[in-house]
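Undergrad: this one's sequence-less:
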């Protein structure tokens, strides 16, 4: 299956700082990448969809100035949480999809656990 | 907004038992995916169903897509402790709330 990596797997930061999370597709070209947020024992909430070379499309209620997404290449997308606050603490998961497969099939990274103190 | 409702929300069974979990919606989907997620990890794709009425088997797991492509089910035969996890259905990048399965040895 297609492999997606995320880095870092865990990060702890102070309130007010910014944190960047990287998502890489290792063995396929991800024309579209998705960013999700997951609260403990809850399902995944789609935050934004990004296509390579284009601006991300954010879901309703997600602040685009707070969660900056860059999809500069077919194998890398980044999510930057700016001026992080404790309420931003969560499990962030990315996924990639390729036009070579069914559009709706996504391959997920292992997730990044963010803790904001 | 297309909503996917999964049931049951929680399921705890003994090893060897059979179980079925459901994914229902009022919307029609071109395809539905089933994923399994373990704590602290990302979801892993199990199957995609595309055709109404389709049945797919993956070892002890049987997936069915409703004729109207609005619902799906996952049946596990002779469950094992290794089947423990969160089972998620998804359509059009939207996820259901999941069924948290625990299989006790």
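TA: Perfect, I can see it now. These numbers were taken from a predicted model, which means no experiment stands behind them.
Undergrad: List the contacts of the residue of chain B found nearest chain A.
TA: The nearest approach of chain B to chain A comes at residue B:42, 3.5 Å away (Cβ to the nearest Cβ). Every residue, glycine included, has its C-beta placed from N, CA and C. By Cβ atoms under 8 Å, 6 or more residues apart in numbering or on different chains, the contact set of residue B:42 is A:4, A:6, A:93, A:95, A:108-111.
Undergrad: what's the answer for residue A:7, then?
TA: For residue A:7, the contacting residues are A:21-22, A:24, A:112, by Cβ under 8 Å, 6+ apart.
Undergrad: Quick check: bridge partners of it?
TA: residue A:22 (DSSP bridges).
Undergrad: cool, the one 4 residues further on as well?
TA: Using DSSP bridges, the bridge partners assigned to residue A:11 are residue A:114.
Undergrad: these two touch, right, residue A:89 and residue A:81?
TA: No. Using Cβ atoms under 8 Å, residue A:89 is not in contact with residue A:81; the gap is 9.9 Å.
Undergrad: And the pLDDT for residue A:42?
TA: Note on residue A:42: pLDDT of 84.
Undergrad: which intervals of the chain have sub-threshold pLDDT?
TA: Picked chain A for this. A:1, A:99-104 (pLDDT under 70).
Undergrad: I was thinking of chain B, sorry if that wasn't clear
TA: Screening chain B residue by residue with the criterion pLDDT under 70, one finds the ranges B:1-2.
Undergrad: all strands for it, in order.
TA: Using DSSP state E, the strands of chain B run over B:5-7, B:10-14, B:19-24, B:32-37, B:44-49, B:55-58, B:61-65, B:71-76, B:85-91, B:94-95, B:99-104.
Undergrad: Serialize the ones you listed to a markdown table and add fields for mean neighbour count and distance to residue A:32.
TA: Putting those into a markdown table (neighbours: other Cβ atoms under 10 Å in any protein chain shown; distance: least, Cβ to Cβ, whole Å) gives the following:
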| stretch | mean neighbour count | distance to residue A:32 |
| --- | --- | --- |
| strand B:5-7 | 17 | 25 |
| strand B:10-14 | 13 | 33 |
| strand B:19-24 | 20 | 23 |
| strand B:32-37 | 23 | 15 |
| strand B:44-49 | 18 | 15 |
| strand B:55-58 | 13 | 24 |
| strand B:61-65 | 20 | 23 |
| strand B:71-76 | 21 | 23 |
| strand B:85-91 | 24 | 15 |
| strand B:94-95 | 21 | 15 |
| strand B:99-104 | 18 | 27 |
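Undergrad: May I ask which of the contacts of residue B:42 has the most neighbours?
TA: residue A:109 (29 neighbours; other Cβ atoms under 10 Å in any protein chain shown).
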